[in-house]
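Engineer: 3D model of this:
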Amino acid sequence: MFQNIFTDHLTTTNWVRTSPMGFHYIHDMVLEIFFDTSNQIEVYRKDERIGTHYISVLKDLEDVLKIIC
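Structural biologist: So this is what the prediction gives:
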């Protein structure tokens, strides 16, 4: 199973692992994050891709979460 500091952070902030490299979060709308690589994520809202982000440090992921949640 894919695991790193980013996936650990997601699981401790109410995101649920849906696949080895995918997570979802429900709050008014369905959001999903899929790890393309260990440092690239795709963000989906209701099955529509809303962005791709490169994350190299935990703050990068936190910034993305602030924007989408």
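
Engineer: switch to C-alpha atoms for all contacts and neighbour counts from now on
Structural biologist: Will do.

Engineer: in the protein, which ranges drop under the pLDDT threshold?
Structural biologist: Scanning the chain for pLDDT under 70 picks out the ranges 1-2, 28-29.

Engineer: Which parts of it are strands?
Structural biologist: Applying DSSP state E to the chain gives strands spanning 16-19, 22-27, 29-37, 40-45, 48-54.

Engineer: Pairing partners for the third one, with directions?
Structural biologist: When pairing is defined by DSSP bridges, strand 29-37 lines up against strand 22-27 (antiparallel), strand 40-45 (antiparallel).

Engineer: what sits up against it?
Structural biologist: Residues from elsewhere that reach strand 29-37 (C-alpha atoms under 8 Å, 6 or more residues apart in numbering): 21-25, 41-46.

Engineer: Including distance to Asp63 and mean neighbour count, could the strands of the chain go into a markdown table?
Structural biologist: Below are those laid out as a markdown table (distance: least, C-alpha to C-alpha, whole Å; neighbours: other C-alpha atoms under 10 Å):
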| stretch | distance to Asp63 | mean neighbour count |
| --- | --- | --- |
| strand 16-19 | 19 | 14 |
| strand 22-27 | 16 | 16 |
| strand 29-37 | 14 | 17 |
| strand 40-45 | 13 | 18 |
| strand 48-54 | 10 | 14 |
